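Participant: Sharing a sequence plus its predicted fold:
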Amino acid sequence: MSHAKQLHHRRYLHDYLEIINREGLPGNVKNELCLQVQGTVIATVQRVIEAALEEELTAYLGLERYEHLGRGRPPEATRSGSYPRALLTQYGSIADLRVPKLRRGNGALSWQSISRYERCWGPLLDHQVMSYCLGHSLRDLQETLALTLGEVLSLAACNHIVARVAKHLEVFKTQPLASPPPIILVDGMWVKIAYPTGEWRLDAQGRRRSVKRKHKRVVLSALGVWPDGHWEIVHWKVAEGERADTWQAFFGELYRKGVTEVTTDLVVSDGANGLESALDYHLYGVAHQRCIFHKIKQLADHLVFGDLTVEPTGDAEQATRQAKRQRKKAVLAAASWVYDGACEADIRERAARFRDTWQGRESEAVANFFVDFDKTLAYLAIAFPESLLGLIRTTNLLERFPKEMRRKQRDIGMFQSEQGCEVLWYLLAKRETAKQRAMLQSRL
């Protein structure tokens, strides 16, 4: 039986946590004082919640406890003691929370302190969602809860957390933008997602499980940049590939959110396949900026190392590799130097020098450099604060999201559903947006 399944066996869980506390963690984690403090905290939390529930019931009935009426009262307005309920909180587990009840009509009660079937109270689940966003797998969250609360949420409960976030996600993806950004950065990132095949199998415990197969999908995403310097993810879509039809569907959804040819001044991309025709269809006439970083990076794929100068050393093969590294470094540095400054005339002059310097030795790389060269200068014609031009001439702002997603995918192997993939993207987008907004506020 796997470790994840055994976590739900009390004896295994107890022995496992005891070994972790005794040998795996520094210091005396669970001494007597710690347990005493924890017990006091849980008792206090229980009293506060129970008092809040009593106040809610009093407000609902309009009567204090033991208050007598001159006439009789119906069972729907009569207290009938309480029932015990287990509740997980960020402070620990409450085994027997006393929830007041009526003699009849408890279904009509709508509690504000706790919901009807709520098992995790307060920001506990929100903390677990953030941990999931930071790279913990669902099984990691199970162990974290076990270490802190002595309880284990089932994978179904963890998936329920993801489903709850998915509701906010759908609202975000369909809600029109209050202020569409003038600059849009777009890119695609490939991920691995498991999809049901329509077949079924029995697992080790005899339960019926859907058979899934791994497929590659691309997350097409758009990041908006505003003149005040703030930016955020405005939309994304899981597609089968970077083709003209998928990009067209993506920009169609963006268009419905308010990103039109009227509101948009510039679209920045790495030159993905099919993007040009999609832009002509939905954002006709909008300037298209080719990412300078990708433009320079791609030069390395076209180096032929002609007239290579190799230093005479003992190891000829190593000397050749060193000479190639130096050539690559020199060519990329020279190409980067072309884009120094914000004056188009100076950039074109440096580009001419780059051609004269490297044409004879690296003609293929130079030819590739000047393909769509004018599109790498589109940002210069945009009315945008000069101090922020570095944000809109590359897709680097958008690159941090794929890095986070790849890190997560390395941990879990592949996403078990398209919804789970989109939920993580949504959480990452919200997290990165919050980080950069906080940074902007700290500068004020």
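Facilitator: Yep, that arrived.
Participant: Name the residues of the longest helix anywhere in the chain that are buried.
Facilitator: Counting by DSSP state H, the longest helix found in the chain is helix 32-61. Residues of helix 32-61 classed as buried: Ile42, Val45, Gln46, Ile49, Glu50, Leu53, Glu54, Glu56, Leu57, Leu61 (neighbour count, 16 or more other C-beta atoms under 10 Å). In this view, the C-beta of every residue, glycine as well, is placed from N, C-alpha and C.
Participant: between the residues you listed, which is nearest Asp203?
Facilitator: For Asp203, the closest of those turns out to be Ile42, at 36.2 Å, with distances computed as C-beta to C-beta.
Participant: Does the closest one touch Ser93 like I think?
Facilitator: Yes. The pair Ile42 / Ser93 is scored as a contact, 7.4 Å apart, by C-beta atoms under 8 Å.
Participant: ok, for Gly81, nearest residue in space, not its chain neighbours?
Facilitator: By the measure of C-beta to C-beta, 6 or more residues apart in numbering, the closest residue to Gly81 outside its immediate chain neighbours is Lys101, 6.7 Å from it.
Participant: Mind jotting down where the strands sit in the stretch 251-400 of the chain?
Facilitator: Taking DSSP state E, counting those that start in this stretch as the test, the strands found in the stretch 251-400 of the chain are 266-269, 287-290.
Participant: Would you reformat those strands as JSON lines and include mean pLDDT?
Facilitator: Conversion of those to JSON lines gives the following (pLDDT from 0 to 100):
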{"stretch": "strand 266-269", "mean pLDDT": "93"}
{"stretch": "strand 287-290", "mean pLDDT": "92"}
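Participant: Could you say which of those is packed most deeply?
Facilitator: Taking mean count of other C-beta atoms under 10 Å as the contact definition, the stretch among the strands of the stretch 251-400 of the chain with the greatest mean neighbour count is strand 266-269, which reaches a mean of 23.
Participant: Identify all contacting residues around that strand.
Facilitator: Contact partners of strand 266-269, identified using C-beta atoms under 8 Å, 6 or more residues apart in numbering, comprise 182-187, 275, 279, 283, 286-291, 378-379, 382, 392-395.
Participant: let's go with 7 Å and repeat that
Facilitator: Residues external to strand 266-269 that are found in contact with it (C-beta atoms under 7 Å, 6 or more residues apart in numbering): 183-187, 275, 279, 283, 286-289, 291, 378-379, 382, 392, 395.
Participant: Ok, stretch 393-409 next?
Facilitator: With contact meaning C-beta under 7 Å, 6+ apart, stretch 393-409 is reached by 135, 185, 187, 189, 191-192, 221, 223, 231, 268-270, 289, 291-293, 379, 391, 424-425, 428, 432.
Participant: how about 6 Å then?
Facilitator: If you take C-beta atoms under 6 Å, 6 or more residues apart in numbering as the criterion, stretch 393-409 is touched by 135, 185, 187, 189, 223, 231, 268, 270, 291-293, 379, 391, 428.
Participant: The strand ranked longest in the chain: what's the following helix or strand?
Facilitator: When every strand of the chain is counted residue by residue (DSSP state E), the longest turns out to be strand 183-202. Scanning forward in sequence from strand 183-202 by DSSP states H and E, the next helix or strand is strand 208-225.
Participant: residues of that following strand that come out buried?
Facilitator: Under the neighbour-count rule (16+ other C-beta under 10 Å), strand 208-225 has Arg217, Val218, Val219, Leu220, Ser221, Ala222, Leu223, Gly224, Val225 buried.
Participant: So for that strand, mean pLDDT?
Facilitator: Taken as a whole, strand 208-225 has an average pLDDT of 90.
Participant: now the angle from it to strand 183-202?
Facilitator: Angular relation of strand 208-225 and strand 183-202 on a 0 to 180 degree scale: 180 degrees, by axes from the mean of the first three to the mean of the last three C-alpha atoms, to 10 degrees.
Participant: Give me the residues contacting strand 208-225.
Facilitator: Where contact means C-beta under 6 Å, 6+ apart, the residues beyond strand 208-225 that reach it are 181, 183-186, 188-197, 199-201, 203, 231, 233-239, 241-242, 250, 254, 391-392, 397-398, 414.
Participant: can you check stretch 376-389 too?
Facilitator: Where contact means C-beta under 6 Å, 6+ apart, the residues beyond stretch 376-389 that reach it are 227, 229, 265-266, 287, 289-290, 292, 295, 342, 344, 392-393.
Participant: Also stretch 187-194?
Facilitator: Contacts of stretch 187-194 (C-beta under 6 Å, 6+ apart): 212, 214-220, 242, 272, 395, 398, 402, 414-416, 418, 421.
Participant: at 7 Å instead, please
Facilitator: 212-221, 242, 269-270, 272, 395, 398, 402, 405, 409, 414-416, 418, 421.
Participant: for the buried residues of strand 208-225, which one is nearest Arg327?
Facilitator: Relative to Arg327, the closest of these is Val218; by C-beta to C-beta it sits at 33.4 Å.
Participant: State the distance from that closest one to Met189.
Facilitator: Spatial separation of Val218 from Met189 under the definition C-beta to C-beta, to the nearest Å is 7 Å.
Participant: Out of the buried residues of helix 32-61, which is nearest to Arg353?
Facilitator: For Arg353, the closest of the buried residues of helix 32-61 turns out to be Val45, at 70.6 Å, with distances computed as C-beta to C-beta.
Participant: That closest one touches Leu87, doesn't it?
Facilitator: No. Counting by C-beta atoms under 7 Å, Val45 stays clear of Leu87, with 9.1 Å between them.
Participant: shared neighbours of the two, which are they?
Facilitator: Counting by C-beta under 7 Å, 6+ apart, the contacts common to Val45 and Leu87 are Ile94.
Participant: mind showing which ranges of this structure have poor pLDDT?
Facilitator: Across the chain, residues meeting the criterion (pLDDT under 70) sit at 1-32, 66-72, 117, 122-139, 141-161, 313-314, 439-444.
Participant: Domain parsing of the chain, as residue ranges.
Facilitator: 31-122, 180-442 (automatic domain parsing).
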